[in-house]
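Engineer: here you go, sequence then predicted model.
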There are 2 protein chains.
Amino acid sequence: MSKIDAALAAAVGAEREEGPPLLRAAMQHAVLGGGARVRPRLCLAVAEACGVQQWRLAFGAALAIELMHCASLVHDDLPCFDDADERRGKPSVHRSFGEPLAVLTGDALIVTAFRILGEYAAESPGRLSTLMSILARASGTPHGIVAGQAWESEPSVDLQAYHRAKTAALFVAATTAGAAAAGADPAPWEMLGCRLGEAYQVADDLRDALGEAVDLGKPVGRDAGLDRPSAAGALGARGALARFRELVSETLQAVPEGPGATQLQALIVLEAQRLVPPKLARLAA
Amino acid sequence: MSKIDAALAAAVGAEREEGPPLLRAAMQHAVLGGGARVRPRLCLAVAEACGVQQWRLAFGAALAIELMHCASLVHDDLPCFDDADERRGKPSVHRSFGEPLAVLTGDALIVTAFRILGEYAAESPGRLSTLMSILARASGTPHGIVAGQAWESEPSVDLQAYHRAKTAALFVAATTAGAAAAGADPAPWEMLGCRLGEAYQVADDLRDALGEAVDLGKPVGRDAGLDRPSAAGALGARGALARFRELVSETLQAVPEGPGATQLQALIVLEAQRLVPPKLARLAA
């Protein structure tokens, strides 16, 4: 198990026997045993590129962002939103534990995200307020993932604002929190998170549209079924693939210069291949 | 409008025109125009009794606790829990805005609670990690309000653990955060929050059981209808009234000695009268 996974397991109480047992089991179901951990890896890679000394602080921020991501997946899957049966190749939380516990699991994970950030920051309080602000801005309203999901309840949606809030926000949190944990100015790192988030969203739309051929571990064709804004829907598969490649190129250019730039670019290239494997690219072309 | 209400209005974006408009309206519906603000007033009273210098920090903690309380009310009212039509004399959030926005409103308010705490603590970061820990412990799992609600999904419930997590936790957060914001040891203030939370719960059960005669601004008789653990159900109205008076007396004794003790005790006596007015006490006797 990776260091990130081990710390996430500790965060959701895998080692403790306290509190309501079903809630604990549901939180573990939501967080453990799956997930590419893209956001925390990105956060740590940026922290490293910025020459971080306070590793524990960066690690806490990385974990907090991943926990917030997991919380959003649990709530997005609820019957009143996507009504998804599967997630990461397993039954969704509400299918396994019922709707009440799924609502509470998301709530508890949001709280846990901030709790972990505070705990890991106990020895470097000077940067905690900034990191809280980054995490809160990416999660809440008006521009975070909760706001992104809420755009689906509005009579009209701006596709770019919607995707930026729903997906890019946590990628921006990952890059800027990595920089802030290292004591660097977060501002130059925003564009990287933003472009990467957009690329991720376009790849996700593409996989959703063409996904019968690949194993996503979650239902496919949902965007079209839910009549939800999707790049693949708007651009067609070939257009979405072209847009994805354009975004990857812009992402590589958005990496600020510095000693860790090359390593970070290599990570992005690998991640792009994981997101859109050659097989999928051939289907879309 | 009180200073607390004005700051809450600012926290839920009453002054900004950004983000999804319906989500903003739902958050304002959930937080503004009602609520006795018991928890934030308690937090500030304890901070004052401890001779607080960093008022802004105490105020941020008080607001965060009230926002967390509002978040829990929105989610507790959801169809999968209490399915309540009314709250504070108005339609519940999901009745006014639909279930998706009610879920997101609760999520956004949890995030806002931590965001506000971080913002108000920006100039006194040394105490922020402790305050985050107090807020998170009272809110999440294993012993916070989310865990309290989750006990309702367990096959068997310990009445005391359930009430302690569901109601007392945020009162304990109020007293201990008030002390911590003042730089005092929070530990001696736990018992006060705990007893006050218990008293509040017993009074709420009593009002729920006998509430047809009083104006609660929310549906009455719900505990019995939902077959939910309730002191009034277990003890009868007369027993619950006796227990309430006992708890008020214990609460007064639980106020740690110090220059602000008398003022705090006076506030508790007034609050007890608000919770169980003479008319209700006569009905129960």
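Structural biologist: Sure thing, it's come through.
Engineer: you'd agree residue A:131 is up against residue A:57?
Structural biologist: Yes. Here residue A:131 reaches residue A:57: they are 7.5 Å apart, a contact under C-beta atoms under 8 Å. Placement of C-beta: from N, CA and C, glycine included.
Engineer: which neighbours do these two share?
Structural biologist: Listed as contacting both residue A:131 and residue A:57 by C-beta atoms under 8 Å, 6 or more residues apart in numbering or on different chains are A:121, A:181.
Engineer: end-to-end on stretch A:143-162?
Structural biologist: Start and end residues of stretch A:143-162 are separated by 9 Å (C-alpha to C-alpha, to the nearest Å).
Engineer: how far away from the center of its chain is it?
Structural biologist: Stretch A:143-162 sits 16 Å away from the centroid of its parent chain (C-alpha atoms, centre = their mean, to the nearest Å).
Engineer: who touches it?
Structural biologist: The contact list for stretch A:143-162 (C-beta under 8 Å, 6+ apart) reads A:68, A:72, A:75-76, A:81, A:136-141, A:163-167, A:169-170, A:228-229, A:234, B:18-23, B:97-98, B:100-101, B:104, B:107-108, B:111.
Engineer: now, the residues you listed that are in helices?
Structural biologist: Using DSSP state H, A:68, A:72, A:75-76, A:136-139, A:163, A:169-170, A:234, B:21-23, B:97, B:100-101, B:104, B:107-108, B:111 are the members of these that sit in helices.
Engineer: the closest residue to chain B within the stretch 51-200 of chain A: what's it in contact with?
Structural biologist: Going by C-beta to the nearest C-beta, chain B is nearest to residue A:142 of the stretch 51-200 of chain A, at 2.4 Å. Each residue near residue A:142 by C-beta under 8 Å, 6+ apart is listed here: B:13, B:16, B:18, B:19, B:20, B:24.
Engineer: what's the spacing between it and residue B:32?
Structural biologist: 17 Å (C-beta to C-beta, to the nearest Å).
Engineer: report the buried members of the ones in helices among the contacts of stretch A:143-162.
Structural biologist: A:68, A:72, A:75-76, A:136-139, A:163, A:169-170, B:22-23, B:97, B:100-101, B:104, B:107-108, B:111 (16 or more other C-beta atoms under 10 Å in any protein chain shown).
Engineer: and for the closest residue to residue A:151 other than its chain neighbours, the neighbour number?
Structural biologist: Spatial nearest neighbour of residue A:151, chain neighbours left out: residue A:162 (4.5 Å); criterion: C-beta to C-beta, 6 or more residues apart in numbering or on different chains. Residues within reach of residue A:162, counting by other C-beta atoms under 10 Å in any protein chain shown, total 21.
Engineer: can you map out the strands along chain A?
Structural biologist: With DSSP state E as the criterion, chain A has strands at A:86-87, A:90-91.
Engineer: a markdown table for these, including distance to residue A:195, mean pLDDT and mean neighbour count?
Structural biologist: Supplementary listing: the strands of chain A in a markdown table, determined by distance: least, C-beta to C-beta, whole Å; pLDDT from 0 to 100; neighbours: other C-beta atoms under 10 Å in any protein chain shown:
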| stretch | distance to residue A:195 | mean pLDDT | mean neighbour count |
| --- | --- | --- | --- |
| strand A:86-87 | 26 | 92 | 20 |
| strand A:90-91 | 31 | 95 | 14 |
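Engineer: those: which one's closest to residue A:282?
Structural biologist: Closest of these to residue A:282 is strand A:86-87, at 25.6 Å (criterion: C-beta to C-beta).
Engineer: and that closest one, which strands flank it?
Structural biologist: The pairing partners recorded for strand A:86-87 under DSSP bridges are strand A:90-91 (antiparallel).
Engineer: how distant is the strand it pairs with from the center of its chain?
Structural biologist: Using C-alpha atoms, centre = their mean, the offset of strand A:90-91 from its chain centre is 19 Å.
Engineer: so what's the spatially closest residue to residue A:139 that is not a sequence neighbour up against?
Structural biologist: In space, and not counting its chain neighbours, residue A:139 is closest to residue B:111: 4.7 Å by C-beta to C-beta, 6+ apart. By C-beta under 8 Å, 6+ apart, the contact set of residue B:111 is A:110, A:136, A:139, A:140, A:141, A:144, A:146.
Engineer: report the two of the residues you listed separated the most.
Structural biologist: Greatest spatial distance in these: A:110 and A:141, 13.2 Å, computed using C-beta to C-beta.
Engineer: which of those two has more neighbours?
Structural biologist: residue A:110 (34 against 30).
Engineer: give the rounded mean pLDDT of stretch A:150-157.
Structural biologist: Confidence over stretch A:150-157 (mean pLDDT, whole number) is 90.
Engineer: quote the end-to-end distance of that stretch.
Structural biologist: By C-alpha to C-alpha, the extent of stretch A:150-157 from end to end equals 10 Å.
Engineer: what comes up buried for it?
Structural biologist: Neighbour counts using 16+ other C-beta under 10 Å place A:150, A:151, A:152, A:153 of stretch A:150-157 among the buried residues.
Engineer: would you reformat the residues you listed as a markdown table and include distance to residue B:2?
Structural biologist: As requested, these are arranged in a markdown table below (distance: C-beta to C-beta, whole Å):
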| residue | distance to residue B:2 |
| --- | --- |
| A:150 | 29 |
| A:151 | 33 |
| A:152 | 35 |
| A:153 | 31 |
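Engineer: tell me which of those fall in helices.
Structural biologist: A:150, A:151.
Engineer: which single one of the buried residues of stretch A:150-157 is nearest to residue B:250?
Structural biologist: Minimum separation from residue B:250 among these (C-beta to C-beta) is found for residue A:150, which lies at 43.7 Å.
Engineer: next, count neighbours for the residue nearest to residue A:75 when sequence neighbours are not counted.
Structural biologist: Distance criterion C-beta to C-beta, 6+ apart; nearest residue to residue A:75, sequence neighbours excluded, is residue A:106 at 4.1 Å. Residue A:106 has 31 neighbouring residues, counting by other C-beta under 10 Å.
Engineer: how about residue A:56, nearest residue that isn't a chain neighbour?
Structural biologist: Per C-beta to C-beta, 6+ apart, closest to residue A:56 is residue A:120, 5.4 Å.
Engineer: go ahead and confirm the one you found touches residue A:62.
Structural biologist: No. Applying C-beta under 8 Å, one finds residue A:120 not in contact with residue A:62, separated by 9.2 Å.
Engineer: if you count surrounding residues, which of those two has more?
Structural biologist: residue A:62 (30 against 26).
Engineer: looking at that one now. What's its pLDDT?
Structural biologist: 98.
Engineer: what distance do you get for the residue lying closest to it once chain neighbours are set aside to residue A:177?
Structural biologist: Excluding the flanking residues, the one nearest residue A:62 by C-beta to C-beta, 6+ apart is residue A:40, at 3.6 Å. For residue A:40, the distance to residue A:177 (C-beta to C-beta) stands at 10 Å.
Engineer: any common contacting residues for these two?
Structural biologist: Joint contacts of residue A:40 and residue A:177 (C-beta under 8 Å, 6+ apart) are A:62, A:65.
Engineer: all good on my end, thank you.
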